[in-house]
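Q: pasted the sequence and its predicted model underneath.
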Amino acid sequence: MRTFLFALLMSAMTMAAYAQIPAPPDVKAPPADAAKTASGLASKVIKPGTGKEHPTAADTVTVHYTGWTTDGKMFDSSKTPPNQPVSFPLNRVIAGWTEGVQLMVAGETRRFWIPEALAYQGRRDPKGMLVFDVELLSIVKAPSTPSDVKAPPADAKKTASGLAYKVLSPGTGKRHPSAISQVTVHYTGWTTDGKMFDSSITRGEPATFPLDGVISGWTEGLQLMVEGEKTRFWIPEPLAYQGRRAPFGMLVFDVELLKVQ
């Protein structure tokens with residue numbers, strides 16, 4: 001499956017093996033009826049959607065797409081073999097996509113003319129303005145930022161290490177994981193200013209890992225949980241990344257413990 005999180009490009013040699021999807025007649029420049037944003041992004045609805053909600057930058061979207069340079073050469077497409085749509089968090093792609101797809105609703109197809117400053121900024125091929133036809137198939141909404149993200153509330157419990165936590169929904173299991181257990185979880189993490197920085201929910205699949213291979217706040221905190229439980233943790237920096245890497249400061253996680261191996 002084509003990787004799409006950090007690039008919108010396949011090699012020219014690979015693409016040469018596939019049938020080229022013809023470029024639209026207006027590939028050279030945005031037509032007069034294209035809408036333009038303050039950033040310089042131009043777009044035109046090719047087919048209206050049936051959805052009502054627009055994605056946010058934190059949401060995960062599933063799309064079909066084809067990209068051309070302004071001389072009409074196709075350089076990438078999800079519709080070439082194996083003809084599979086792609087899914088990605090909208091804040092992990094080029095700026096023109098992050099901005100443009102937020103204008104769309106599910107079911108919509110839109111053509112974008114993305115200036116170089118919102119694409120690869122001249123740092124890599126393809127250079128110059130890029131033209132994409134994008135069909136937005138579905139949106140997975142990012143979890144909402146908790147109202148108590150800034151600090152643990154009065155009813156949160158605190159351990160001797162400084163880890164604070166609050167059970168959001170009780171579990172059905174009886175067994176707690178040990179420090180060396182392998183666990184499967186769904187989770188979302190925020191900084192205390194409310195910015196989501198990671199989520200297995202927006203990726204569409206839970207995470208599995210050994211509990212002794214993560215930050216110490218997770219190693220300690222998940223041992224307090226049972227299967228089926230959902231808990232919010234406020235993890236101080238000494239139990240997180242210790243100021244050595246981003247995200248810095250206290251981190252807040254909602255964790256659902258799905259399975260203890």
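A: Nice, I can see it. Numbering: from 1, shown residues only.
Q: any chance you could map the helices in the protein?
A: 12-16, 95-101, 200-203, 216-222 (DSSP state H).
Q: which strands and helices sit next to the third one?
A: In this case it means helix 200-203. strand 182-191 (3 or more C-beta pairs under 8 Å, 6 or more residues apart in numbering; DSSP states H and E). C-beta: built from backbone N, CA, C; applies to glycine.
Q: can you mark which positions in the strand it packs on are buried?
A: Within strand 182-191, the residues that qualify as buried by neighbour count (16 or more other C-beta atoms under 10 Å) are 183-191.
Q: widest-spaced pair of the residues you listed?
A: Considering C-beta to C-beta, no two members of the buried residues of strand 182-191 lie farther apart than 184 and 191, which are separated by 24.8 Å.
Q: circling back to that earlier point, dump the helices of the chain into a markdown table; add distance to residue 210, mean pLDDT and mean neighbour count as well.
A: Putting these into a markdown table (distance: least, C-beta to C-beta, whole Å; pLDDT from 0 to 100; neighbours: other C-beta atoms under 10 Å) gives the following:
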| stretch | distance to residue 210 | mean pLDDT | mean neighbour count |
| --- | --- | --- | --- |
| helix 12-16 | 36 | 41 | 11 |
| helix 95-101 | 34 | 98 | 22 |
| helix 200-203 | 16 | 89 | 19 |
| helix 216-222 | 9 | 98 | 22 |
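Q: rebuild those helices as CSV, extending it with distance to residue 164.
A: Converted to CSV, the helices of the chain look like this (distance: least, C-beta to C-beta, whole Å):
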stretch, distance to residue 164
helix 12-16, 50
helix 95-101, 33
helix 200-203, 22
helix 216-222, 9
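Q: ok, residue 249 - contacts?
A: Contacts of residue 249 were listed using C-beta atoms under 8 Å, 6 or more residues apart in numbering, and they are 191-192, 237, 240.
Q: ok, so of these, who is nearest residue 65?
A: Residue 65 has its nearest neighbour among these in residue 191, at 31.0 Å by C-beta to C-beta.
Q: for that closest one, give its distance to residue 139.
A: According to C-beta to C-beta, to the nearest Å, residue 191 stands 24 Å off from residue 139.
Q: hmm, which of the contacts of residue 249 are the buried ones?
A: Buried among these (16+ other C-beta under 10 Å): 191, 237, 240.
Q: hang on, the last one packs against residue 252?
A: No - with contact defined as C-beta atoms under 8 Å, residue 240 does not count as touching residue 252 (10.2 Å).
Q: so which residue is dead centre in this structure?
A: Residue closest to the mean C-alpha point of the chain, counted by C-alpha atoms, centre = their mean, is residue 89 at 2.0 Å.
Q: that one contacts residue 55, doesn't it?
A: No - contact between residue 89 and residue 55 fails when scored by C-beta under 8 Å: they sit 9.9 Å apart.
Q: so for stretch 111-122, mean pLDDT?
A: Confidence for stretch 111-122, expressed as mean pLDDT, is 98.
Q: list of residues touching it?
A: Residues outside stretch 111-122 that contact it (C-beta under 8 Å, 6+ apart): 24, 26, 29-30, 34, 39-44, 46, 94-97, 99-100, 126-134.
Q: try 7 Å
A: With contacts defined as C-beta atoms under 7 Å, 6 or more residues apart in numbering, stretch 111-122 is touched by 24, 30, 34, 39-44, 46, 94-96, 100, 127-134.
Q: now it: how far from the chain's centre is it?
A: The chain centroid and the centroid of stretch 111-122 are separated by 20 Å under C-alpha atoms, centre = their mean, to the nearest Å.
Q: I appreciate the help and will end here.
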